[in-house]
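# can't give you the sequence, but here's the structure:
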C-alpha cells in the first residue's frame, strides 16, 4: 500500500511540476511529437485526477486555461455554427483543433486535428471539479458556452477518434464523451442539451451495438480500449450493454492487467496502455469488482520507472512487434512521462482509497 500511495504522490508532483504557468497540462514534456502541446482530452482526465487528489488550485488553473482558450474561439465557433445553420459543411481544417499550444494557438505542424471528444470531456471534468469543491461554474461560463454551442451543432459529424485515426467514421467513444459532457452541464445551461444527449444515445443503440455490446465506431464489430468510458464515467450505456462492453474489452484487449488500444494497433508495435488499464480498472471498481480493479492498479504501478514516471504504453505482449522500430526512428522512445497516465492512476487510486491525505 505504501508503494501505491507513494506513486500517487509522485504522480501529483509530476503533473503539477510540469504544468505550464498559464495552466495547461502538457501531454508529455519530453516527447518529440507531444512536447509543447496540450490536449483537452488528456488534460481534462488529468485535471479530474488532480481534483480528486485535492489540489483545487492546479485543477482550477487548468480549467481557467481552457476557458481562456475557448473564449478566444468564440468568433470562430459562431462562424462555424452559422454555416451549419445554413446547411453548409465547413472543411475539417476550419473546425476547432484537438490540441493547442500553451498560449492557446493552433499547432504549427500538420496533425490529425479535428476531434470533438475533448470538448465533451472538458465539460464533464469542469462540472465535476466545481461540484466536488463547491465552486461556482460561472468562473468558466464563457468557455462552457463555446463548448456547448460547438457540440450541439457538430456532435454527429465524423471526426478523428481518441487515437487520431479514421476521420471518416463516427466513433462510439467520441459520442460517449460528448454525451457525458452534455449530461453533466445540463443543469447549468438553458440550452436543450439533454435533447441532443438523447439523440446521441439513440444513435449509438441503433448503430453502435454488436452482439450486445458497444463497437469501436458505428457499423463495425470491432472493439476499442476506450469504450469503457462510455459506461464509467460518461454513462452512455449501463446494464447488460455496459457489462458486455467491459467483458469484450477484457477478453479481447486485456493481458495480465495491461490493456491494448485495439487489435489492429501498430503504433509502437501496439503495446499496453497505462491509461486504458486505469480506465478498465475504474469501471471494475464501479461495478463492484474490487479485486479486478486492484489487479489493474498494481499492474500500472509495476510499469513505473525507478523515478516513478509512467509511460504512455509498455512493450509487453506487442500486437504487431514488427512496427515498433519505425516509430522509434520517427519520434524516439515512447512518451515518458505521459501526464494522462498519471492522471488516470490518481483516479483509480482514489476509487480504491489509496490516495494520501488530501493536500
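Sure, I can see it. Please read these numbers as outputs of a predicted model, since none were measured by experiment.
# Without its sequence neighbours, what residue ends up closest to residue 336?
residue 311 (4.1 Å; Cβ to Cβ, 6 or more residues apart in numbering). Backbone N, C-alpha and C define where each C-beta goes, glycine included.
# Surely the one you found and residue 337 touch.
Yes - the pair residue 311 / residue 337 is scored as a contact, 7.1 Å apart, by Cβ atoms under 8 Å.
# Among these two, which residue is more densely surrounded?
Per other Cβ atoms under 10 Å, whichever of residue 311 and residue 337 has more neighbours is residue 337, with 25 against 22.
# and that one, that one's in a helix?
No - Residue 337 is assigned coil when assessed by DSSP: H, G, I helix; E, B strand; the rest coil, not a helix.
# So it versus residue 26, what's the distance?
From residue 337 over to residue 26 the distance is 10 Å, taken as Cβ to Cβ, to the nearest Å.
# can you check residue 214 too?
From residue 214 to residue 26 the distance is 31 Å (Cβ to Cβ).
# Which one's more surrounded, those two?
residue 214 (28 against 23).
# Find the residue at the geometric middle of the protein.
By Cα atoms, centre = their mean, the chain has its centre lying nearest to residue 41, at 4.1 Å.
# where's that one, which helix or strand?
Per DSSP states H and E, residue 41 falls inside helix 40-53.
# so the helix or strand just after that helix versus helix 40-53, what angle?
Beyond helix 40-53 on the C-terminal side, the first helix or strand identified by DSSP H and E is helix 56-71. Interaxial angle of helix 56-71 relative to helix 40-53 (axes from the mean of the first three to the mean of the last three Cα atoms, to 10 degrees): 150 degrees.
# Now do the same for helix 56-71: mean pLDDT, whole number.
Across helix 56-71, the average pLDDT comes to 98.
# Please name every helix or strand in contact with that helix.
helix 40-53, helix 117-133, helix 141-154 (3 or more Cβ pairs under 8 Å, 6 or more residues apart in numbering; DSSP states H and E).
# Tell me the buried residues in the longest one?
So that's helix 117-133. For helix 117-133, burial by neighbour count (16 or more other Cβ atoms under 10 Å) applies to 117-130.
# what's the answer for the last one, then?
Buried residues in helix 141-154, counted by 16+ other Cβ under 10 Å: 143-154.
# now these in a markdown table, with pLDDT and distance to residue 2?
Below are these laid out as a markdown table (pLDDT from 0 to 100; distance: Cβ to Cβ, whole Å):
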| residue | pLDDT | distance to residue 2 |
| --- | --- | --- |
| 143 | 98 | 40 |
| 144 | 98 | 40 |
| 145 | 98 | 45 |
| 146 | 98 | 44 |
| 147 | 98 | 40 |
| 148 | 98 | 44 |
| 149 | 98 | 48 |
| 150 | 98 | 45 |
| 151 | 98 | 43 |
| 152 | 98 | 47 |
| 153 | 98 | 50 |
| 154 | 98 | 47 |
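# Name the nearest of these relative to residue 283.
Checking these against residue 283 with Cβ to Cβ, the nearest one is residue 151 at 23.8 Å.
# how close does residue 215 get to residue 343?
For residue 215, the distance to residue 343 - Cβ to Cβ - is 27 Å.
# now the helices for this protein?
2-18, 40-53, 56-71, 74-85, 117-133, 141-154, 172-185, 193-207, 239-253, 274-286, 290-302, 324-331, 339-351 (DSSP state H).
# what about those helices, which gets the closest to residue 232?
Of the helices of the chain, nearest to residue 232 by Cβ to Cβ is helix 274-286, at 4.6 Å.
# low-confidence ranges in the chain?
By pLDDT under 70, the weakly predicted segments of the chain are 358-359.
# Measure how buried residue 71 is and give me the count.
Neighbourhood size, residue 71 [other Cβ under 10 Å]: 16.
# Quickly note the distance from it to residue 42.
21 Å.
# Give the residue farthest from the middle of this structure.
Distance to centre of the chain, Cα atoms, centre = their mean, peaks at residue 86 (31.8 Å).
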